[in-house]
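here are the coordinates; sequence isn't available:
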């Protein structure tokens, strides 16, 4: 399992190592201002790629947050890629200060995936759902329900990491990827789902309950 039992996500090591090395070089040269600046970037990289453990709530039909952040959209939309009908969408915006490791919102099998190159608009705007670079997973639960969750790059984000492949079986709360430096995750529920999360609510990946599947 990717990044299990690691306090820092493995994707962060190259950044931490690079900034740490350059910090040491400037320190040896006696360039105090540059040393402090690079030390800040090193420590911020450690902070950004932190990978805390989470306590996943019990409940076979629960859908939990795939990302830390703020709920910036809750409502009905038309989803034409897979559902071909009106569904409920929940969007979670991650600032650079949030944990960026993403977790599977429910248990199930990966039945479809897609990746689209796109723009890098501010991920807090709803237009980002259509225009920005993104990577989506369609998951089918053991009860037959399907849920779509999409990682979306943001204004600063330039790299989406997604671990699973089609056919993989994910456990609820499993780390399944991350997005570097500010981003968004959209979750599409069947219309008959009971979505309980509210606009403006702050979520924790792997812990906050977004709703319940029928």
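Received, thanks. Quantities reported herein were computed from a predicted structural model and do not represent experimental measurements.

so what's residue 8 closest to, chain neighbours aside?
Using Cβ to Cβ, 6 or more residues apart in numbering and skipping the chain neighbours, the partner closest in space to residue 8 is residue 49 (5.2 Å). Backbone N, C-alpha and C define where each C-beta goes, glycine included.

just the helices in the chain please.
With DSSP state H as the criterion, the chain has helices at 13-29, 32-48, 128-131.

most packed of these?
Per-residue neighbour counts averaged over each of these give the maximum for helix 128-131, namely a mean of 18 (mean count of other Cβ atoms under 10 Å).

relative to residue 58, how far out is the most centrally placed residue in the chain?
Note on the chain: the residue nearest the mean C-alpha position is residue 102, at 3.7 Å, using Cα atoms, centre = their mean. If you measure residue 102 against residue 58 using Cβ to Cβ, to the nearest Å, the figure is 21 Å.

in the protein, where is pLDDT below threshold?
Under the criterion pLDDT under 70, the flagged ranges of the chain are 1, 3, 118-131, 154-158, 181-182.

got the domain ranges for it?
Following the assignment in automatic domain parsing, the chain carries domains at 10-48, 62-212.

can you put those in a markdown table and add distance to residue 54?
Listed next are those as a markdown table, based on distance: least, Cβ to Cβ, whole Å:
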| stretch | distance to residue 54 |
| --- | --- |
| domain 10-48 | 17 |
| domain 62-212 | 3 |
